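S.K.: sequence-free structure coming up:
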């Protein structure tokens, strides 16, 4: 049986998950959240446009932190808040006060899971240590888990390592804190680039496609493009492959 | 109503728990675990004597790390392993190979909760973010939680902060990662000294007596000796006070 067909012989003890896009559907969640808030608050704006532009600012904002370690680590809530301030000006979304901006920023704490996520994670938790390995900050991930019912055993965040993925400190730091060798840890992600970084450091890898993550704007990650340890259709399928 | 009678007006969002002694009964657990292993393996020793001496080495071994930051942080599994090596020699427990020493050291990962812990934590989790704030390392705390059914939202460990309690970096670092002010975090502990450190940094405090933690050798912490925010009889009582 090919390696991608089963995880039975992987020697993996812990499954770590990319979160934005892999476990939760940030785009649909934020557009729905902000649209409902807009109706209730009377604030108006192009929420889909804001969400897409905001996500577009995500990697560049982290790259600024990665390129300038001398400035110190800045967590994702702070990066989100700074990007938002700029984007509402650029998009002409007016009339937002500080509380409104705070409400929108913490929208990233209120993201909803994909339909298979909670069941898949709950089954996987019986056999494995499970946790996020996310660029989201700890408070964001904890609040999300409480609201969405994600049954993590622990929260592993870029904030703990003071480095954003794909810096090696995140993947190797996670294995170290778990007391495991890199090969005993599997990264599960919908993004080939994340898996590529993990694989280069010796972690096991699992690709799960989320072809609607970016809505009509998705241009990549429809299929696996590396020799990943496993490829699954969703997190229920991953549980099934592991006999959970 | 006195402050110690209710937590209803504390403004607390997260409850962090000391673990060894507060949530789990390390002494009874280790003596039972090692005694059963002794019968199965044929290895013999004064297990109660070892456990008491091992716990006696705990604070001094952490203080060495705290006094010498230039040497780098050493996690608790490593401190436990080093103390064990010395103690088996001193106590004349012979015939232990590397696997045996590893088994005994990971006994600290297999500690059993007090009778009220799992129910209390499960109820408190509905209203609060809950986590350990322990000198145990992350892997130890994760393995313990899996085995004992402790339903933590996240794992906060001295290892994450590279400082042992009562260093301020642990209490303040926990609040920072949670995105909370110190006063929105309550430390729950069976040890007045831990609460004193937390209180001096602005955290809310809750004392829970565990008068049999040290078995016949207990000499302190039978009663609260500070002006703690709350005093409860056990973790079920804490849940009750918070209306959980």
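M.R.: Great, that's in hand. Fair warning: this is a prediction, and the values are worked out from it, not measured in the lab. Numbers count the residues shown, from 1 in each chain, chains lettered A, B, ... in the order given.
S.K.: what residues does chain A put near chain B?
M.R.: Contact residues (Cβ under 8 Å from any Cβ of the partner chain) of chain A with chain B: A:77, A:129, A:137-139, A:141-142, A:145-146, A:152-155, A:159-160, A:177-180. Bear in mind the C-beta positions are built from the backbone N, C-alpha and C, glycine included.
S.K.: mind redoing it with 6 Å?
M.R.: Contact residues, chain A versus chain B (Cβ under 6 Å from any Cβ of the partner chain): A:129, A:138, A:139, A:142, A:153, A:154, A:155, A:160, A:177, A:178, A:179.
S.K.: of those - the most surrounded one?
M.R.: For the residues of chain A next to chain B, neighbours were counted using other Cβ atoms under 10 Å in any protein chain shown, and residue A:155 has the most, 28 neighbours in all.
S.K.: so what's the residue nearest to that residue when sequence neighbours are not counted up against?
M.R.: Using Cβ to Cβ, 6 or more residues apart in numbering or on different chains and skipping the chain neighbours, the partner closest in space to residue A:155 is residue B:154 (4.1 Å). Applying Cβ atoms under 6 Å, 6 or more residues apart in numbering or on different chains, we find residue B:154 in contact with A:142, A:155, B:131.
S.K.: and the gap between the last one and residue A:115?
M.R.: Put plainly, it is residue B:131. To residue A:115, residue B:131 is 28 Å away according to Cβ to Cβ, to the nearest Å.
S.K.: these two: which has the busier surroundings?
M.R.: residue B:131 (29 against 12).
S.K.: which of the residues of chain A next to chain B sit farthest apart?
M.R.: Taking Cβ to Cβ as the measure, the residues of chain A next to chain B reach their widest spread between A:139 and A:179, a distance of 25.2 Å.
S.K.: show me where chain A has its helices.
M.R.: Here chain A has its helices, by DSSP state H, at A:26-41, A:47-56, A:58-67, A:76-90, A:98-105, A:117-124, A:138-148, A:158-161, A:168-177, A:192-200, A:235-241.
S.K.: count of residues packed around the residue nearest to residue A:198 when sequence neighbours are not counted?
M.R.: Take residue A:198 and drop its neighbours on the chain: the residue closest to it by Cβ to Cβ, 6+ apart is residue A:187, 4.0 Å away. Neighbour count for residue A:187, taken as other Cβ under 10 Å: 30.
S.K.: pretty sure residue A:187 contacts residue A:202?
M.R.: No - checked against Cβ atoms under 6 Å, the pair residue A:187 and residue A:202 is beyond contact range at 10.9 Å.
S.K.: okay, now the unreliable bits of chain A?
M.R.: A:1-9 (pLDDT under 70).
S.K.: let's have the contacts of residue B:154 in a markdown table, adding distance to residue A:238.
M.R.: Output for the contacts of residue B:154, formatted as a markdown table (distance: Cβ to Cβ, whole Å):
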| residue | distance to residue A:238 |
| --- | --- |
| A:142 | 23 |
| A:155 | 20 |
| B:131 | 26 |
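S.K.: tell me the buried residues in stretch A:179-199?
M.R.: The neighbour-count check on stretch A:179-199 (16 or more other Cβ atoms under 10 Å in any protein chain shown) flags A:179-180, A:182-192, A:194-195, A:197-199 as buried.
S.K.: just stretch A:117-134 next, same as before
M.R.: If you call a residue buried by 16+ other Cβ under 10 Å, then stretch A:117-134 has these buried ones: A:117-118, A:120-125, A:128-134.
S.K.: now the two most distant members of these.
M.R.: A:123 and A:134 (20.7 Å).
S.K.: so residue A:84 versus residue A:47, what's the distance?
M.R.: Residue A:84 is 12 Å from residue A:47, by Cβ to Cβ.
S.K.: returning to that earlier point: could you pull up phi and psi at the residue nearest to residue A:155?
M.R.: As for residue B:154, its main-chain torsions (degrees, to the nearest 10) stand at phi -160, psi 160.
S.K.: distance of residue A:43 relative to chain B?
M.R.: Residue A:43 is 24 Å from chain B, where distance means Cβ to the nearest Cβ, to the nearest Å.
S.K.: same question, residue A:207
M.R.: From residue A:207 over to chain B (counting by Cβ to the nearest Cβ), the distance is 25 Å.
S.K.: number of residues surrounding the nearest residue to that residue once chain neighbours are set aside?
M.R.: Counting by Cβ to Cβ, 6+ apart, residue A:207 lies nearest to residue A:224, which is 4.2 Å off, once chain neighbours are set aside. By other Cβ under 10 Å, 17 other residues sit near residue A:224.
S.K.: was I right about residue A:224 contacting residue A:233?
M.R.: No - using Cβ under 6 Å, residue A:224 is not in contact with residue A:233, being 11.5 Å away.
S.K.: what residues are up against the closest residue in space to residue A:229 that isn't next to it in sequence?
M.R.: Leaving out its chain neighbours, the residue that sits closest to residue A:229 by Cβ to Cβ, 6+ apart is residue A:204, at 4.3 Å. Contacts for residue A:204 were tallied using Cβ under 6 Å, 6+ apart; they are A:10, A:12, A:186, A:229.
S.K.: what bridges to residue A:204?
M.R.: residue A:186 (DSSP bridges).
S.K.: distance check, it against residue A:230.
M.R.: 8 Å.
S.K.: how about residue A:105?
M.R.: With the distance defined as Cβ to Cβ, residue A:105 ends up 35 Å from residue A:230.
S.K.: neighbour count for the two, which is higher?
M.R.: Of the pair residue A:105 and residue A:230, residue A:230 is the one with more neighbours under other Cβ under 10 Å, namely 24 against 21.
S.K.: what residues are bridge-paired with the more buried one?
M.R.: Assigned bridge partners for residue A:230, using DSSP bridges, are residue A:206.
S.K.: my guess is it contacts residue A:208, does it?
M.R.: No - shown here, residue A:230 and residue A:208 do not form a contact pair, counting by Cβ under 6 Å, at 9.0 Å.
S.K.: show me which pair in the contacts of residue A:204 is furthest apart.
M.R.: The widest separation within those (Cβ to Cβ) is 8.1 Å, between A:12 and A:229.
S.K.: what about residue A:207, how many residues nearby?
M.R.: Neighbours of residue A:207 using other Cβ under 10 Å come to 24.
S.K.: next: the one 3 residues further on.
M.R.: For residue A:210, the number of neighbouring residues by other Cβ under 10 Å comes to 20.
S.K.: residue contacts, it?
M.R.: A:21, A:190.
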